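Visitor: fold the following, please.
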Amino acid sequence: MEIMPSFKSSGGYRAAQYLITILIVLLVGYLMSLLPVMSRLVIADRLAATGLVLFVTQMTALVLFYLFAVNAIAALPKTGGVLFFVKAVSVPAALLIIVIIGQGVIWQVLGLFVGATGRSFYFGIAILLIVLIGIWLVWVAFQNAPYLIDSMEEVKETLPALPSLRTSACPECGQLSSRSAKFCCHCGHPKHKEFKCSACGEALQEDQKFCHNCGHSIETAEQKEPDHS
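Guide: Take a look at the predicted model:
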């Protein structure tokens with residue numbers, strides 16, 4: 001089945017491609033690392049082939065994750081609301097995830113070749129970078145929080161109206177019961193009077209003046225009653 005061209009060209013479609021590719025890369029890489037020959041093969045006297053395969057796999061997955069994040073963010077709408085808030089914070093959030101995971105992956109290989117001084121310098125730079133991106137994320141979230149607050153207010157305004165969509169008041173006692181009920185569960189009074197068009201027999205609402213099926217004028221009970229004065 002052919003997929004719509006507009007969807008193919010969208011960032012969401014491309015993001016889905018990258019996400020699937022990430023999963024396949026991780027699966028293939030970890031399966032390769034399980035081969036017995038990988039644990040016996042040593043590179044540069046310290047690095048086993050297993051570690052190198054895992055390093056390449058994880059770094060490739062991080063690059064693909066960056067491309068996934070870019071396309072997924074681009075696919076989000078630019079209108080206000082929750083999605084706009086998510087779109088705004090997604091950039092620093094994705095970068096923070098990449099840096100936190102990436103520094104650990106790089107150190108798995110780099111740590112085999114540097115001493116204590118190099119270790120302190122590396123983790124000092126990593127921590128500083130993570131803190132700076134974290135501050136950026138908090139600042140962006142603070143700036144765009146009004147969009148999230150507005151969405152929450154809209155939800156709060158909608159919630160009180162939800163029960164009225166499922167219930168209706170009895171014309172006799174005024175108690176609420178299911179809108180689909182034919183009789184009131186509190187007093188047994190019929191909840192809905194049936195009105196039909198005298199011309200075509202179509203079911204009508206009580207306040208209709210003309211039939212929606214044939215256009216016939218609907219006379220009220222008062223109009224039908226003769227004048228005895």
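Visitor: every contact and neighbour count from this point should use C-alpha atoms.
Guide: Noted.
Visitor: show me the contacts for Leu95.
Guide: Tyr66, Ile133 (Cα atoms under 8 Å, 6 or more residues apart in numbering).
Visitor: could you rerun that using 10 Å?
Guide: Phe65, Tyr66, Ala69, Ile130, Ile133, Gly134, Leu137 (Cα atoms under 10 Å, 6 or more residues apart in numbering).
Visitor: secondary structure element for the third one?
Guide: When you say that, I think you mean Ala69. helix 49-75 (DSSP states H and E).
Visitor: where does this structure have low pLDDT?
Guide: Along the chain, segments meeting pLDDT under 70 span 1-10, 44, 80, 153-172, 174, 176-182, 189-195, 204-207, 219-229.
Visitor: do that again at 80, thanks
Guide: Along the chain, the parts satisfying pLDDT under 80 run over 1-12, 38-47, 76-82, 147-198, 201-209, 212, 216, 218-229.
Visitor: so the nearest residue to Met32 once chain neighbours are set aside versus Tyr66, what's the distance?
Guide: Nearest residue to Met32, sequence neighbours excluded (Cα to Cα, 6 or more residues apart in numbering): Val53, at 7.4 Å. Separation of Val53 from Tyr66 (Cα to Cα, to the nearest Å): 20 Å.
Visitor: equivalent analysis for Val114, please.
Guide: Distance of Val114 to Tyr66, given as Cα to Cα: 28 Å.
Visitor: who has more neighbours, the two?
Guide: Between Val114 and Tyr66, counted using other Cα atoms under 10 Å, Tyr66 has the larger neighbour count: 19 against 12.
Visitor: which residues of this protein fall in helices?
Guide: 5-8, 11-33, 36-40, 49-75, 82-110, 116-158, 162-166, 221-224 (DSSP state H).
Visitor: got the buried residues for the fourth one?
Guide: Applying a neighbour-count criterion of 16 or more other Cα atoms under 10 Å, the buried positions in helix 49-75 are 49-55, 57-62, 64-73, 75.
Visitor: what does stretch 136-149 give?
Guide: Trp136, Leu137, Val140, Ala141, Asn144, Ala145, Tyr147, Leu148.
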